[in-house]
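[1] I need the structure of the sequence given here:
(one chain, ligands or ions: 1)
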Amino acid sequence: MKILTVQTIAIFLLTFASIRGMAQHRDHHTPSRVLTSDSLVSGGYRLIFASNDAGLDPSTRQHLIDVFFTVYPQEVARFNKNSLTKVTFFVDTAYKGVAETGNGVARFNPLWLKKYPQDVDVVTHEVMHVVQDYKNYNPGWLTEGIADYVRYVYGVNNKGGGWTLPDLKPGQSYQNAYRVTARFLLWVEKNKYNKIVDDMDKAMRDGTYSSELWKKLTGKTVDELWGEYTKDPALELTYK
Ligand SMILES: [Zn+2]
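    Model (predicted):
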């Protein structure tokens, strides 16, 4: 995909302390110097790609950009057409997690990208948090389960990145979040109600989610669904 570079700006200071949604992390963050910031435009979307890592591999950077312009429009089209059209990526040497997103800014750990350069669908997961734009991110297991469901469905290099949805194991719960919940959502979608993720996502955004919604949509409570799932969890999964 051809991405137009509109501008390249050098060296400015950014502080993320004021960004809502990252507030819980702010004690660990000092303001980070941005070395490069590029504004890229394609198909009505703008990506600001900022980095303070002089060693970021150009091919990894391009890969992350390409994934954004491939998956974000698909996620917006399916889940939330009112999503932001401008998203910022910040590869930040001061950030020690894998990735996190708040208020239209996704922050990435350059050490992770260096160690796992094929794990580019971390973008697919993170930008779903921009699309989600939920009134209330509780329950967090559902928020993160939906983001990993989206990574499974729309990811472009899950196979190359070695990312899979693990088989169900004893002791797991739908509240485990991430891939465990994502696999459960796929099972519910296939066996019970094929709009489960769309409707759950919408209810979370509208602020109308409650645990009753599972019963309303499928005729079963989430615990009943999980019980059925654990008895027959087979799913045919394919990875791009
Ligand atoms: Zn997440």
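
[2] point out where this structure drops to low pLDDT.
    For the chain, applying pLDDT under 70 flags the ranges 1-31.

[3] tell me the residues of it that contact the ion?
    Within the chain, the positions adjacent to the ion are Glu144, Ala147 by C-beta under 5 Å from the ion. Where C-beta positions appear, they are placed from N, C-alpha and C, glycine not excepted.

[4] counting residues, which helix of the chain comes out longest?
    helix 58-79 (DSSP state H).

[5] what is that one packed up against?
    Helices and strands touching helix 58-79, by 3 or more C-beta pairs under 8 Å, 6 or more residues apart in numbering; DSSP states H and E, are strand 32-42, strand 45-51, strand 86-91, helix 110-115, helix 122-132, helix 140-154, helix 196-206.

[6] what separates Tyr45 from Ile146, distance-wise?
    21 Å (C-beta to C-beta, to the nearest Å).

[7] out of the two, which sits in the more crowded spot?
    Ile146 (27 against 17; other C-beta atoms under 10 Å).

[8] contacts only, for the spatially most central residue of the chain.
    Residue closest to the mean C-alpha point of the chain, counted by C-alpha atoms, centre = their mean, is His125 at 2.1 Å. For His125, the contacting residues are Ala99, Ala147, Asp148, Val150, Arg151, by C-beta atoms under 8 Å, 6 or more residues apart in numbering.

[9] got it, and Ala106?
    Contacts of Ala106 (C-beta under 8 Å, 6+ apart): Val87, Thr88, Phe89, Phe90, Ala99, Glu100, Val123, Glu126, Val127, His129, Val130.

[10] at 6 Å what do you get?
    Residues in contact with Ala106 (C-beta atoms under 6 Å, 6 or more residues apart in numbering) are Phe89, Glu126.

[11] returning to what we had before: okay, the angle between the longest helix of the chain and strand 86-91?
    140 degrees (axes from the mean of the first three to the mean of the last three C-alpha atoms, to 10 degrees).

[12] the inter-axis angle of helix 58-79 versus helix 196-206?
    Using the same axes, to 10 degrees: helix 58-79 against helix 196-206 is 90 degrees.

[13] buried residues in helix 58-79, which are they?
    With burial defined by 16 or more other C-beta atoms under 10 Å, the residues of helix 58-79 counted as buried are 60-61, 63-73, 75-76, 79.
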